[in-house]
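>>> need a structure here:
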Amino acid sequence: MWRFRELLPIVEPSARIFSLSEGSTPLVGTRRTGYWAGPVHLTIKHQGNNPTGSFKDLGMTACITRAAARGVRQVACASTGNTSSSMAAYAARAGLKALLFVPYKQISAAKLAQALDFGALVVETGDTFDEAFRLLREIAPEMGLYLVNSVNPYRIEGQKTIVAEMLEQRAYRPPDYIVVPGGNLVIVQRWARAYGS
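Numbers count the residues shown, from 1 in each chain. Down below sits the predicted model:
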């Protein structure tokens, strides 16, 4: 991913990069699905081939690199899965403490195991992601926590490199359409309205 560093002016040229060799995920042809959907020629960028099995790794490497360059010592997120394991893995690589807020019995067991394995401290609170995230946002300023959920703009910048990589793999011939799945986009919209972004 970091071969696209010039697309990430958020990271100073002298900054130390914290990477787990994320990116370079394959484009996989899906003939049957393409036929069902059109018929069209359809390929899928398999982001499950990233180090923690998630597209979130591309944003997390940028976010954690930026945090470390700013002297941050502790990062935090609310999560029910992918963000938790990605944050914990990259925080461990950077030598940062990781604090994870999860709703009661609402996190993927596999992702929780990954986060714990990478040393994250886990706080189980609330019954939903929204409740856990709300509490984390309330205490973050007081505790000096650096939030790495999708409301963090550096996460989004890192995730944008997926498109650059896809275009590179397609010899810079853009597809007619790019379809991007999203999770919990309601939280991003609420945050943007609340903070005037």
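>>> end-to-end on stretch 167-176?
Length of stretch 167-176, first residue to last, C-alpha to C-alpha, to the nearest Å: 12 Å.
>>> what comes into contact with that stretch?
Contact with stretch 167-176 is made by 27, 43, as judged by C-beta atoms under 8 Å, 6 or more residues apart in numbering. Just so you know, the C-beta spots here come from the backbone N, C-alpha and C atoms, and that holds for glycine as well.
>>> what does the average pLDDT come to for it?
Mean pLDDT, stretch 167-176: 93.
>>> likewise stretch 180-197?
pLDDT averaged over stretch 180-197 gives 54.
>>> what of stretch 91-99?
pLDDT averaged over stretch 91-99 gives 98.
>>> which of the residues in that stretch are buried?
By neighbour count with 16 or more other C-beta atoms under 10 Å, stretch 91-99 contains the buried residues 91-94, 96, 98-99.
>>> low-confidence stretches in the chain?
For the chain, applying pLDDT under 70 flags the ranges 181-197.
>>> so what would you say the end-to-end distance of stretch 144-163 is?
33 Å.
>>> give me the distance from that stretch to the chain's centre.
Centroid displacement of stretch 144-163 relative to its chain, using C-alpha atoms, centre = their mean, to the nearest Å, is 6 Å.
>>> what's the closest non-adjacent residue to the residue nearest to the spatial centre of the chain?
For the chain, Lys56 is the residue whose C-alpha lies nearest the centre (C-alpha atoms, centre = their mean; 2.6 Å). Spatial nearest neighbour of Lys56, excluding adjacent residues (C-beta to C-beta, 6 or more residues apart in numbering): Ser86 at 4.2 Å.
>>> test my guess that the one you found contacts Met60.
Yes. Under the criterion of C-beta atoms under 8 Å, Ser86 makes contact with Met60 at 4.4 Å.
>>> buried residues in the helix or strand hosting Ala110?
Per DSSP states H and E, Ala110 falls inside helix 109-117. Neighbour counts over helix 109-117 (16+ other C-beta under 10 Å) mark 111-112, 114-115 as buried.
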